[in-house]
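Q: Let me see the structure of the following:
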Amino acid sequence: MTHTRSNRSSTAVRGLIACLVLAGIAWYLLPRGAALSAQSNKEAQHRNLTSFGLVGDGVTDNTTAIQNAIDAGIGNLHFHKGTYRITRPLVIDLDNVGFTSMHSNGVATIVMDGPGPAIRIVGTHFKSAGPEGFEDRVWQKQRMPLIDGIGITATHDEADGIEAVGTMQLTISRVHIRHCRHGIRLVQNNRNVIISDCHIYENSGIGIYYDNVNLHQSNITGSHISYNGGGGIVSKAGNVRNIHITGCDIESNMSPDQPPTANVLIDCREGSHGTAEVAITGCTIQHNHTAPGSANVRIIGRSNPTARQSLVREGNVTISGNVFSDVFVNVHLQDCRGVVMTGNTFWMGFQHNLLIEDSSNIVIGENNLDRNPRYDYGDTTQANNSIIIRDSEDCTINGLHISNVYRDPAAVTIQRCRRMNINNCTILDCDNVGLLLEDLSDSRVAGCLIRDDRPNSQSVPVRIIGGRGNLIDESLMPR
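A: Numbers count the residues shown, from 1 in each chain. Here you go, the predicted structure:
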């Protein structure tokens, strides 16, 4: 009898415990589940831009509908598959609407059918990136506006893709921009910009445009930037520091119908501080020699000089591990200081593989400047491939490998330069003169291999014209 009561008592206790546990779980889950469901519904409503009247048929004017969604401050603007025509810029005023992202996972296209940028992002940060210079509202409302996975195109001649002003940590990724004027335009002041995994293709103007902007810290990575008529990546005037261009394919960003430009053009003239601290690494940069004056990388220094700055040249640039080909000049440096070039491959420089003018403290290491027979067809045979360094000083050239320079007076011309250190270069099978030293002073040339073993060759290894105070290896003296 006692044993039976004990069993019944144990069963009752276990039942009570089970009920309490289930009640506790229900008490915990039901309100939380309701809150999560409400939050999910709210986010779903926010993501569904059709509630604002969007129609992705490529015909309906969606300008007001999208702008209303932006101004509502929902933040997360997710575009469903479709083509969304607009006629005025979509303005993301971060200080008013707060954190904002626009994305579509690659299935939506915005068509700009009017002048101006399809998307204009506006912030209030007009200071440096130093932590002490930030207003609270930048971190509370504006940091890292994100444009991701959207296509942008245009039907208007003066339409741009994306424009940014006053932003902090602007991030543009997986964006396709085509048939606009400028692809991405950075104006006035921006800080800490990232552009990655984008396709900026066949625009009439510039692919990525640093337009007289005050901008420090910007990364451009893993992108295709091609067939933009006014230049690929272009920085003009302004106050720009820290441009990092890495792992990109940058091709044919020039047009015979536009002024000479470059796949990467840094033009410091007319700016207050110019552009410096640039790294161009691990890219393929090439085409198109049919555009007069074309270059793969062109850096023009000397922002507006003051009396104090009259001898200052822009620079601090690293150019390494790139593939250059098929333009008038592969790399052109003018008025630069502090540039390092190493580990690059050059060919099909129709005028020059390398042109350096009015520059100093240039270090050129081991680069291959070749004429590979696999590309020796059609008009590619008209590429000269020479090197000219003129009116420059305090440079080191070591370990260049140069072959098959045709037609030009010399494979390598050093003209009106001083304090040049030229060592361990290989110059093979070139027309006329291997190494031409004209009015060179206070310099050293040693340890180079200069030969032309082609049948019936009339070229000479070295020619010296004028100059003074030079130390030249006896083995290099002309016979």
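Q: Give me the nearest residue to Gly116, chain neighbours excluded.
A: In space, and not counting its chain neighbours, Gly116 is closest to Pro89: 4.4 Å by Cβ to Cβ, 6 or more residues apart in numbering. Using the backbone N, CA and C atoms, a C-beta is placed for each residue, glycine as well.
Q: I meant Thr60, not that one.
A: Per Cβ to Cβ, 6+ apart, closest to Thr60 is Arg85, 6.4 Å.
Q: pLDDT below threshold where in the protein?
A: 1-48, 304-312, 477-479 (pLDDT under 70).
Q: make it 50
A: Filtered on pLDDT under 50, the chain yields the residue ranges 1-6, 13, 20-21, 23, 25-30, 35, 38, 41-42, 45-46, 307-308.
Q: Output the longest strand belonging to it.
A: For the chain, the longest strand by residue count, based on DSSP state E, is strand 206-221.
Q: which helices and strands sit right next to that one?
A: strand 184-196, strand 224-226, strand 231-236, strand 239-246 (3 or more Cβ pairs under 8 Å, 6 or more residues apart in numbering; DSSP states H and E).
Q: by how many degrees do the first one and strand 206-221 diverge?
A: What separates the directions of strand 184-196 and strand 206-221 is an angle of 30 degrees, with axes from the mean of the first three to the mean of the last three Cα atoms, to 10 degrees.
Q: Can you give me every residue that contacts Pro373?
A: Under the criterion of Cβ atoms under 8 Å, 6 or more residues apart in numbering, Pro373 has no neighbours.
Q: hey, where'd the strands end up in the stretch 1-150 of the chain?
A: Remark: strands assigned in the stretch 1-150 of the chain by DSSP state E, counting those that start in this stretch are 57-61, 76-78, 82-86, 90-93, 101-112, 116-122, 146-154.
Q: Dump these into JSON lines; add distance to Glu202 and mean neighbour count as well.
A: Conversion of those to JSON lines gives the following (distance: least, Cβ to Cβ, whole Å; neighbours: other Cβ atoms under 10 Å):
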{"stretch": "strand 57-61", "distance to Glu202": "19", "mean neighbour count": "13"}
{"stretch": "strand 76-78", "distance to Glu202": "26", "mean neighbour count": "18"}
{"stretch": "strand 82-86", "distance to Glu202": "18", "mean neighbour count": "21"}
{"stretch": "strand 90-93", "distance to Glu202": "22", "mean neighbour count": "20"}
{"stretch": "strand 101-112", "distance to Glu202": "15", "mean neighbour count": "20"}
{"stretch": "strand 116-122", "distance to Glu202": "16", "mean neighbour count": "23"}
{"stretch": "strand 146-154", "distance to Glu202": "10", "mean neighbour count": "23"}
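Q: one step back: show me what the residue nearest to Thr60 bridges to in the sheet.
A: Beta bridges link Arg85 to Asp61, Val111, judged by DSSP bridges.
Q: check contacts around it.
A: Per Cβ under 8 Å, 6+ apart, neighbours of Arg85: 58-62, 111, 113.
Q: Dump the strands of the stretch 1-150 of the chain to JSON lines, plus distance to Thr261.
A: Shown next, in JSON lines, are the strands of the stretch 1-150 of the chain (distance: least, Cβ to Cβ, whole Å):
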{"stretch": "strand 57-61", "distance to Thr261": "33"}
{"stretch": "strand 76-78", "distance to Thr261": "34"}
{"stretch": "strand 82-86", "distance to Thr261": "29"}
{"stretch": "strand 90-93", "distance to Thr261": "29"}
{"stretch": "strand 101-112", "distance to Thr261": "23"}
{"stretch": "strand 116-122", "distance to Thr261": "21"}
{"stretch": "strand 146-154", "distance to Thr261": "20"}
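Q: Name the residues of stretch 260-271 that are buried.
A: Neighbour-count burial for stretch 260-271 flags 260-268, 271 (criterion: 16 or more other Cβ atoms under 10 Å).
Q: Could you work out the end-to-end span of it for me?
A: Taking Cα to Cα, to the nearest Å, stretch 260-271 runs 19 Å from one end to the other.
Q: Same question for stretch 448-462.
A: Chord length of stretch 448-462, first to last residue, is 11 Å (Cα to Cα).
Q: from the chain's centre, how far out does it sit?
A: 40 Å (Cα atoms, centre = their mean, to the nearest Å).
Q: Between the helices and strands packed on strand 206-221, which one is closest to Pro117.
A: When the helices and strands packed on strand 206-221 are compared by Cβ to Cβ, strand 184-196 sits nearest Pro117, at 6.7 Å.
Q: Return the list of strands paired to that closest one, each annotated with direction.
A: Strand pairing (DSSP bridges) places strand 184-196 next to strand 159-165 (parallel), strand 167-168 (parallel), strand 171-173 (parallel), strand 206-221 (parallel).
Q: how much does that strand deviate in direction from strand 146-154?
A: Using the same axes, to 10 degrees: strand 184-196 against strand 146-154 is 130 degrees.
Q: Packing partners of the helix or strand following strand 184-196?
A: Proceeding N to C from strand 184-196, the next assigned helix or strand is strand 199-201, under DSSP states H and E. In terms of contacts (3+ Cβ pairs under 8 Å, 6+ apart), strand 199-201 is packed against strand 176-178, strand 224-226.
Q: about what we covered before: would JSON lines of the helices and strands packed on strand 206-221 with mean neighbour count and distance to Leu400 be doable?
A: Conversion of those to JSON lines gives the following (neighbours: other Cβ atoms under 10 Å; distance: least, Cβ to Cβ, whole Å):
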{"stretch": "strand 184-196", "mean neighbour count": "23", "distance to Leu400": "33"}
{"stretch": "strand 224-226", "mean neighbour count": "23", "distance to Leu400": "28"}
{"stretch": "strand 231-236", "mean neighbour count": "28", "distance to Leu400": "26"}
{"stretch": "strand 239-246", "mean neighbour count": "20", "distance to Leu400": "23"}
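Q: Kindly reformat those strands as TSV and extend each row with distance to Leu476.
A: As requested, the helices and strands packed on strand 206-221 are exported to TSV (distance: least, Cβ to Cβ, whole Å):
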stretch	distance to Leu476
strand 184-196	47
strand 224-226	42
strand 231-236	39
strand 239-246	37
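Q: Out of those strands, which gets nearest to Gly399?
A: strand 239-246 (23.8 Å).
Q: give me the beta-bridge partners of Leu435?
A: Those that pair with Leu435 in a beta bridge, by DSSP bridges, are Val412, Val462.
Q: before we move on, the earlier item: so of the buried residues of stretch 260-271, which ones are in strands?
A: If you go by DSSP E, the buried residues of stretch 260-271 have 262-267 in strands.
Q: Can you tell me which of the contacts of Arg85 is closest to Arg298?
A: Once Cβ to Cβ is applied, the member of the contacts of Arg85 that ends up nearest Arg298 is Val111, at 33.2 Å.
Q: just to revisit the earlier point, for Arg143, find the nearest of the strands paired with strand 184-196.
A: Arg143 lies closest to strand 167-168 among the strands paired with strand 184-196, at 5.6 Å (Cβ to Cβ).
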